[in-house]
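Visitor: sharing a model that was predicted from the sequence below.
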Amino acid sequence: MHSFFEQMEPWDRNDGSLHLYVLPDPSVGERLVAAQSLFADLDALPPMPEPYLHLTLQRLAQFDDELKQADLSRLGSALTQALSRTAAFELELGTPRPDETAVVSTAAPSQGWDALHAAVVSGLAQVLPGELPAPPHAPHVSLAYAVGEVPDDMVAARLSGAGPIGALHVTEVHLVSVTVRPELGIFDFTHLANWELA
């Protein structure tokens, strides 16, 4: 494994990036933390703090100080309308595995996730100009981001005792302002708003 932050495409700045997240419920959070404990002693793989574990649905092109209150109100109305017609669903999160730069639990393909992403893209297009950044390749939770070189086989061996994270009930979408902290190896966020699904 290699450093996530050395390979990450830099943001214009490290704080205030607007994202739409799905957040794990407490039972899923407990299972993620249990899996993190299997590698928590590896200095180059600091676990994400439980309050900041998330699934990225969509990053916005804007930062929090670029939107005025009127813009945020219009954004809230557009997403309320789009998400009120989108049904809640379940994701099945798989066994945590190391990839090139992070330890991730990836969900199986989901029509519910695809419909949710389409709804938020539709809502955002009504309010915000320009292209959206590319979404994640699949719904997933990153349990840790590498901050240096870590042998893949060592991490895989640590995770050999982990099972699938299991069912995540997706019932809400959250608008957050995200800060990346390469010096700590984490992302954290401030919660701005949330919307319930149908």
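Guide: Noted; the coordinates are in hand.
Visitor: which SS state does residue 41 fall under?
Guide: Three-state assignment for residue 41 (DSSP: H, G, I helix; E, B strand; the rest coil): coil.
Visitor: and the pLDDT at it?
Guide: pLDDT recorded at residue 41 is 94.
Visitor: same thing with residue 129?
Guide: 82.
Visitor: against residue 26, how distant is it?
Guide: 38 Å (CB to CB, to the nearest Å). C-beta here means a position set from N, CA and C on the backbone, and glycine is covered the same way.
Visitor: what does residue 173 give?
Guide: 18 Å.
Visitor: between those two, point out the one with more neighbours.
Guide: residue 173 (24 against 7; other CB atoms under 10 Å).
Visitor: contacting residues around the nearest residue to that one once chain neighbours are set aside?
Guide: Distances taken as CB to CB, 6 or more residues apart in numbering place residue 195 nearest to residue 173, at 5.1 Å, with adjacent residues excluded. Contacts for residue 195 (CB atoms under 8 Å, 6 or more residues apart in numbering) come out as 79-80, 83-84, 172-173.
Visitor: what about those residues, which are in helices?
Guide: 79-80, 83 (DSSP state H).
Visitor: most surrounded residue in the residues you listed?
Guide: residue 79 (23 neighbours).
Visitor: and the pLDDT at that one?
Guide: On the pLDDT scale, residue 79 gets 96.
Visitor: correct me, but it touches residue 120?
Guide: Yes - with contact defined as CB atoms under 8 Å, residue 79 reaches residue 120; the gap is 6.6 Å.
Visitor: what do those two both touch?
Guide: residue 173.
Visitor: contacts only, for residue 85.
Guide: 119, 198.
Visitor: then residue 175?
Guide: Contacts of residue 175 by CB under 8 Å, 6+ apart are 18-20, 75, 79, 191-194.
Visitor: tell me the secondary structure at the residue of the chain most remote from its centre.
Guide: The C-alpha centroid of the chain is most remote from residue 70, which lies 26.4 Å away (CA atoms, centre = their mean). Following three-state DSSP, the label given to residue 70 is helix.
Visitor: distance of it from residue 195?
Guide: 19 Å.
Visitor: residues in contact with residue 78?
Guide: 123-124, 126-127.
Visitor: most neighbours, which of these?
Guide: So for the contacts of residue 78 (other CB under 10 Å), the most neighbours sit at residue 123, 23 neighbours.
Visitor: element containing that residue, please.
Guide: helix 111-125 (DSSP states H and E).
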